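K.L.:
Pasting a predicted model and its sequence here:
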Number of protein chains: 2
Amino acid sequence: MNIHQFQYVLALAELRHFEKAAEKCFVTQSTLSTMISKLEEELGIPIFDRKKKPVALTAEGAVLLEQLKIVQREIESLKEISQEIKGEVKGRLIISVIPTIAPFLLPLFLHRFALQFPQLQIIVREQTTGEIIRQLKSRDIDIGIVSTPINDAEIEEQKLYHEPFVYYQAGKEPPKRIEAHELDLSNLALLEEGHCMRTQIIELCNYHENQLVNQLNFNFQAGSIDSLLRFVRGNGASTLLPYLSVYDFPEEEAKHISRFSDPVPFREIGLVVHRHFVRKRILHVLEEEILKAVKPILPNIDFSGKRLSPL
Amino acid sequence: MNIHQFQYVLALAELRHFEKAAEKCFVTQSTLSTMISKLEEELGIPIFDRKKKPVALTAEGAVLLEQLKIVQREIESLKEISQEIKGEVKGRLIISVIPTIAPFLLPLFLHRFALQFPQLQIIVREQTTGEIIRQLKSRDIDIGIVSTPINDAEIEEQKLYHEPFVYYQAGKEPPKRIEAHELDLSNLALLEEGHCMRTQIIELCNYHENQLVNQLNFNFQAGSIDSLLRFVRGNGASTLLPYLSVYDFPEEEAKHISRFSDPVPFREIGLVVHRHFVRKRILHVLEEEILKAVKPILPNIDFSGKRLSPL
DNA sequence: AACTCAATATTGATAGCATCGATGAACATT
DNA sequence: AATGTTCATCGATGCTATCAATATTGAGTT
């Protein structure tokens, strides 16, 4: 039994073709065939059904495969840990960010972050919280940036910052400051379902979804803050926006923004990783870079001990 | 990099002596030395400090060792899974049971259970809940039998049965049936601290620890139900006992027992394993054997939907 | 400083095995 | 029947894990 055999099985299970799997492992088909047979023999269980075209996993093989994946992953972690110890950060890192954060936060830190790990191939995606958590668990992505808390035993969270919401009113010029409870909730536009910010705002308003939506005689499902804003402007509607999406508004646009008086409604943004994520240094640098970028921009409000403030 | 090297490192880390570690791995000292050097070279990190006598782990080595243990464990799981698939159950199984269950439950099923796995070396220990959970997490034991729920993300629970408490009064003969609230709480003796049953009974009584203990002018710390009973008998005191400890009392002793009328105070007993425990079949057979043994004995009470009933 | 002992590293030989290219076997397609 | 595809098997080869023997190192000891 050896580590190569594990890789061969995983490759064959993925590609379902001996030659292609062999190619992926940089060996000949002959080697792959022999080695997989040996592992099957040693375990005493046929992993593949070679009668089927293309090759298929046996029922027992499917069970074993799951464990093989785990073993493989832990061996990968071993390598990653030693690279971290040596201060070498290589390989590929996939970061996924929710759509209400990504376009505003990423430009603030991504470049500086990437510079620190020239050997690291960084891939950034935009996904909803649900997808991010699912993919963290299946280890398809490495780090998520979402609105915390998540409260999942498999997921580790790292609080980053609190981001206030602001009120945006198209057409009129609302007052600079506004009390949460005096908010005009008619014509409040929201993002489409699946976005955590939609849910948060609905909860903030203490309103049922129907009540909010029904204020408008048609229903626009915005998939991004940008799209939401265009809709709001075009229809004289209003909405709530995260602070980072408005902090650099030009003067003309800033007139439509109201900041909230205390208690300011806000959301918490944090890093999330799988609990077995081992590249601690990357995580630490990422956290530092984000905070360094975001702190000078965010208003200086003390959110300590506060929960989401209902409107 | 290969699996043997992992084992060599683990053995050396444990025994801190090349020759002894080599012996444990059934290779020569020369092999062990070479192979460990190779792994260190491949990882690029010295794991051991050979200058120290006896050999010591380097700081980095200690970090790597943790991951090596994980890898090793997952490979062991792979073997165990294939044995389970083949229906072969071999190796060693360590079961730990809390002291208020062990002496009464074990004789009821252990023999029949062991017969089903003649190749399995079964070791049974008696430990408190805290120790059991700790050792499950460090993977030093395999299965625990405790009073559930535990509610720990790393621990998986398997409910077994509900066990009523009964009231024992030395000296007098209490009525056959007793209402929980009419219980005489003076002179109620308890197990020493660390036993979950002590805590449960204190909670049941809704009494603070001091109030209960102060009823007696001296303080006996019983470490087992047996020891507790001797004390109670010798001092005309009273106590609560788990049903399995009294169900086969001789008539003379049974006179001192009161069963509770509804709502009957009870505890829940369950199997607990680490969430990565893979020997599902063993667990399943164990559960079946315990239930088969215990069901004819336990009184037929429906505890569904009830929580621990306070006295 | 010379010696001794214990512990680890190194050396050179060997056997086992992963790997290869070539070929064979099974099966589907034409 | 001929051909193509796919996986298994065979014999050769080179690598490497392993061994026994020996060298080196280091910490006492005399």
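P.N.:
It's in.

K.L.:
Tell me which residue in the stretch 151-300 of chain A sits closest to DNA strand C.
P.N.:
Nearest residue of the stretch 151-300 of chain A to DNA strand C (CB to the nearest atom of the strand) works out as A:V278 at 25.9 Å. Yep, even glycine has a C-beta here, placed from its N, CA and C like the rest.

K.L.:
any idea how far that residue is from DNA strand D?
P.N.:
As judged by CB to the nearest atom of the strand, to the nearest Å, A:V278 and DNA strand D stand 25 Å apart.

K.L.:
and the nearest residue to that residue once chain neighbours are set aside, what pLDDT?
P.N.:
Nearest non-adjacent residue to A:V278, counting by CB to CB, 6 or more residues apart in numbering or on different chains: A:S77, 4.6 Å away. Note for A:S77: predicted pLDDT of 92.

K.L.:
So A:S77, which state does it fall into?
P.N.:
helix (DSSP: H, G, I helix; E, B strand; the rest coil).

K.L.:
Run through the residues that contact it.
P.N.:
A:276, A:278, B:67, B:70 (CB atoms under 8 Å, 6 or more residues apart in numbering or on different chains).

K.L.:
Distance-wise, check it relative to DNA strand D.
P.N.:
The spacing between A:S77 and DNA strand D, counted by CB to the nearest atom of the strand, is 21 Å.

K.L.:
ok so, going back, what does the residue of the stretch 151-300 of chain A closest to DNA strand C show for phi and psi?
P.N.:
When read as degrees, to the nearest 10, the backbone of A:V278 gives phi -110, psi -10.

K.L.:
Check the gap between it and B:L39 for me.
P.N.:
Separation of A:V278 from B:L39 (CB to CB, to the nearest Å): 18 Å.

K.L.:
Any idea how many residues pack against A:F104?
P.N.:
Per other CB atoms under 10 Å in any protein chain shown, the neighbour tally for A:F104 reads 22.

K.L.:
which ones are touching it?
P.N.:
By CB under 8 Å, 6+ apart, A:F104 lies in contact with A:225, A:242, A:244-245.

K.L.:
Show the model's pLDDT score for it.
P.N.:
92.

K.L.:
doesn't it fall inside a helix?
P.N.:
Yes: judged by three-state DSSP, A:F104 forms part of a helix.

K.L.:
And the helices in the stretch 151-300 of chain A?
P.N.:
For the stretch 151-300 of chain A, helices defined by DSSP state H, counting those that start in this stretch occupy the ranges A:196-205, A:209-213, A:225-234, A:251-254, A:280-294.

K.L.:
okay, these, which one's buried deepest?
P.N.:
helix A:196-205 (a mean of 19; mean count of other CB atoms under 10 Å in any protein chain shown).

K.L.:
That one packs against which elements?
P.N.:
Helix A:196-205 is packed against strand A:143-148, helix A:209-213, strand A:238-242, with contacts defined by 3 or more CB pairs under 8 Å, 6 or more residues apart in numbering or on different chains; DSSP states H and E.

K.L.:
if you set the cut-off to 7 Å instead, what comes out?
P.N.:
Judged by 3 or more CB pairs under 7 Å, 6 or more residues apart in numbering or on different chains; DSSP states H and E, the packing partners of helix A:196-205 are helix A:209-213.

K.L.:
Report the mean per-residue pLDDT for the helix it packs on.
P.N.:
Helix A:209-213 carries an average pLDDT of 53.

K.L.:
just stretch A:174-188 next, same as before
P.N.:
The pLDDT scores in stretch A:174-188 average 78.

K.L.:
now do the same end-to-end measure for that stretch.
P.N.:
Its first and final residues considered, stretch A:174-188 spans 14 Å by CA to CA, to the nearest Å.

K.L.:
List the buried residues in that stretch.
P.N.:
A:174, A:178, A:180, A:183, A:187-188 (16 or more other CB atoms under 10 Å in any protein chain shown).
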